[in-house]
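>>> quick one: sequence and predicted model below, then my questions.
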Amino acid sequence: MTQRVYDTRSRSKRDLVTLEEGKLGLYACGITPYSPSHIGHARQAISFDIIVRWLRKSGYEVNYITNFTDVDDKIISAANEEGIDFLELANRYISDYFNCMDALNVIRADAYPRVTETIPEIISMVSDLLEKGYAYEGGDGVYFEIETSPEKYGQLTGQTLEMVRAGAGGRVDKTGSGKRDHRDFALWKMAKPGEPSWDSPWGAGRPGWHIECSAMSLKHLGERFDIHGGGSDLIFPHHEAEIFQSECCLGHDPVVQYWIHNGMVNVEGEKMSKSLGNFWTISDALEKIDPLVLRYSLINAPYRQPMDFNQVMLEDAKSHHSRLLTCYGEGLSTVGKMDWSENTFLLECSNSLEKGMNDDFNTRTALVEVQSVTKRLRSLLDSGGKKEEIGEYTGWIGEYAGEVLGLLPKDSGVLSTLKSSESKLSDIAPMVEDLLSKREKARASKDWALADEIRDELSEAGVIVEDGSNGVTWRLK
RNA sequence: GCACGAGUGGCAGAGCAGCUAUGCAAUGGACUGCAGAUCCAUGGACCCGGGUGCAAAUCCCGGCUCGUGCUCCA
């Protein structure tokens, strides 16, 4: 089955053909660590994590690179406010990022290059651009000159040079910079007093925002690579600027074969922003929900669609995830994972899941299949189904919900959670059983008031009592 | 204003030419002292107007509405 990938540049799904057969270079723009990571970062990271997992499962040898922009205006001003070094601040939030990613079960990328560790490469790229006549020194910095290659303008956004010229005229003067044209962008910014800086042929300064990614992708993936991704908010101007820089510097195009972009996360229908007070950091979210439930909720829509983060979707994710985990845990502890390749129903499910994932990584379709396998496993477990079948279903879930979607903790974790809740159960069992037998006596004598009172008490204590056709059962909330 | 994208049942959200999406909710039933859980069943949708097709939610044209980008942003 061919992998289809939606490419922002051509605005269509295209068959994935890599530059080198069986190998794939993927660069995804990472974060600027100036504040704690938020759920938008989580969605970006999880989307690409699953894309990488899937491509690897499909047989590609993937080299996955994602960066940190560890020097930038916002980092500097946040560090100044606290009176600390900018790198100290950046490191703090990078470590926050890694903690969150680990919790969310995001597999580490193959490399996490940083701007501050790529300065020589950046300087060399800027020098090249100057030499080739694509850039100029403008007093307070070195700028890329858009007019040198107008045909490259708007490759990702569909805008032309003229449109933007018409739309934003007059802004040049306001910026007060040495730009010749307001659409030109900085490659190197000269340092103002007190700012962190590196020596360069043009004076002490630091890289502009866009050049870092061109330099880092070149360094790690070479002069041409397969996929470049990031949040859809980076399409303009960041990724367009990268196209200018990389293609002009290297002298060929395209440098990037496929551009992919994940959609934004809104909160209760509104754009997430600090000023609206609806800003969710990942740590905030993890205080209220399990990290894997958050992961589940964030892949409940295809990665390109904008998604709304709200109470309903969280509760949905919570109930689905807990059913998935419970079934998997029971399957694991009673039978274990078994080969399912002879099971026609499971084969159909994986076919359909693969079809969805091959069609631009549709995790929503994948979840539908996971739900349907879980449902069947639940009823097998409840009705005392054949061991082989339970094992097959458990194996399927481990493979797809676990390895591909990353929704399950490690098997040892699943089992120990199961055990600890069992031991918790056995601790309180005598007391509960005692109350229940009193309740049974009350029920036998049709003293419903007393029976209900006992049930309510237990409920308040966190024990759910259910009268089934085969007698009374109870479990923890 | 320009660009890009989206408008599907009560809600979330797939499908992108012919075949039940799915989940939650709802309704009816089974079970129950009641509640819950579970099981069975049922109803319900493709923004509007044209066009192409044997056939359109799905393609084309024109509207309308919404979102995002055009300044930093995953």
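Arrived safely, thanks for sending.
>>> for residue A:297, which non-adjacent residue is closest in space?
Nearest residue to residue A:297, sequence neighbours excluded (C-beta to C-beta, 6 or more residues apart in numbering): residue A:317, at 3.6 Å. In short, each C-beta sits where N, CA and C put it, glycine included.
>>> tell me who's in contact with whichever residue of the stretch 1-150 of chain A sits closest to RNA strand B.
Distances between the stretch 1-150 of chain A and RNA strand B by C-beta to the nearest atom of the strand are smallest at residue A:40, namely 2.4 Å. For residue A:40, the contacting residues are A:231, A:264, A:265, A:272, by C-beta atoms under 8 Å, 6 or more residues apart in numbering.
>>> check those residues and tell me the two furthest apart.
By the measure C-beta to C-beta, A:231 and A:272 form the most distant pair in the contacts of residue A:40, at 12.1 Å.
>>> which one of the two has more residues nearby?
The neighbour comparison of residue A:231 against residue A:272 (other C-beta atoms under 10 Å) goes to residue A:231, with 20 against 17.
>>> so the closest residue to that one other than its chain neighbours is in which element?
Leaving aside its sequence neighbours, residue A:231 sits nearest to residue A:44 (C-beta to C-beta, 6+ apart; 5.3 Å). Per DSSP states H and E, residue A:44 falls inside helix A:39-57.
>>> report pLDDT for the residue in the stretch 151-300 of chain A that RNA strand B sits nearest to.
Per C-beta to the nearest atom of the strand, residue A:231 is where the stretch 151-300 of chain A lies closest to RNA strand B, at 2.2 Å. On the pLDDT scale, residue A:231 is placed at 90.
>>> got a list of what it touches?
The neighbours of residue A:231, taking C-beta under 8 Å, 6+ apart as the test, are A:29, A:40, A:44, A:261, A:262, A:264.
>>> try it again at 7 Å.
Each residue near residue A:231 by C-beta atoms under 7 Å, 6 or more residues apart in numbering is listed here: A:40, A:44, A:261, A:262, A:264.
>>> so which of the residues you listed is the most crowded?
That'd be residue A:44 among these, by other C-beta under 10 Å, with 29 neighbours.
>>> what about that one, distance to residue A:402?
In this structure, residue A:44 and residue A:402 are 22 Å apart, going by C-beta to C-beta, to the nearest Å.
>>> can you pull out the helices in the stretch 251-400 of chain A?
A:282-288, A:291-298, A:311-334, A:344-358, A:363-382, A:387-397 (DSSP state H, counting those that start in this stretch).
>>> just these: most buried one?
helix A:291-298 (a mean of 25; mean count of other C-beta atoms under 10 Å).
>>> hmm, that one in reach of RNA strand B?
No. Judged by C-beta under 7 Å from any atom of the strand, helix A:291-298 makes no contact with RNA strand B; its nearest approach is 9.0 Å.
>>> what angle do that helix and helix A:39-57 make?
90 degrees (axes from the mean of the first three to the mean of the last three C-alpha atoms, to 10 degrees).
>>> got a list of contacts for helix A:291-298?
Identification of contacts with helix A:291-298 by C-beta under 7 Å, 6+ apart yields A:42-43, A:46, A:103-105, A:285-286, A:313-314, A:317-318, A:320-321, A:406-407, A:409.
>>> redo that, cut-off 8 Å
Applying C-beta under 8 Å, 6+ apart, the external contacts of helix A:291-298 come out as A:39, A:42-43, A:46-47, A:103-105, A:265, A:282, A:285-286, A:307, A:309, A:313-314, A:316-318, A:320-322, A:325, A:367, A:406-409.
>>> ok, the residue nearest to residue A:421 when sequence neighbours are not counted - contacts?
Closest residue in space to residue A:421, ignoring its immediate chain neighbours: residue A:476 at 6.9 Å, by C-beta to C-beta, 6+ apart. Residues near residue A:476 by C-beta under 8 Å, 6+ apart: A:421, A:424, A:425, A:462, A:463, A:464.
>>> domain map for chain A?
A:4-262, A:270-409, A:424-476 (automatic domain parsing).
>>> residue A:457: how many residues sit nearby?
Neighbours of residue A:457 (other C-beta under 10 Å): 13.
>>> now do it, the pLDDT please.
87.
>>> give the contact list for the residue lying closest to it once chain neighbours are set aside.
Leaving aside its chain neighbours, residue A:457 sits nearest to residue A:435 (7.3 Å; criterion: C-beta to C-beta, 6+ apart). Contacts of residue A:435 were listed using C-beta under 8 Å, 6+ apart, and they are A:454, A:457, A:458.
>>> show me what contacts the last one?
Okay, so that is residue A:458. The contact partners of residue A:458, taken as C-beta under 8 Å, 6+ apart, are A:432, A:435, A:436, A:464, A:465, A:474.
>>> hmm, 6 Å instead?
Residue A:458 makes contact with residue A:465 under the criterion C-beta atoms under 6 Å, 6 or more residues apart in numbering.
>>> same deal with the first one?
Taking C-beta under 6 Å, 6+ apart as the criterion, residue A:454 is in contact with A:435, A:439.
>>> RNA strand B contacts on the stretch 301-450 of chain A?
Within the stretch 301-450 of chain A, the positions near RNA strand B by C-beta under 7 Å from any atom of the strand are A:301-302, A:305-308, A:312-313, A:316, A:319-320, A:356, A:359, A:362, A:364-365, A:368, A:371-372, A:375, A:378-379, A:382, A:443, A:448.
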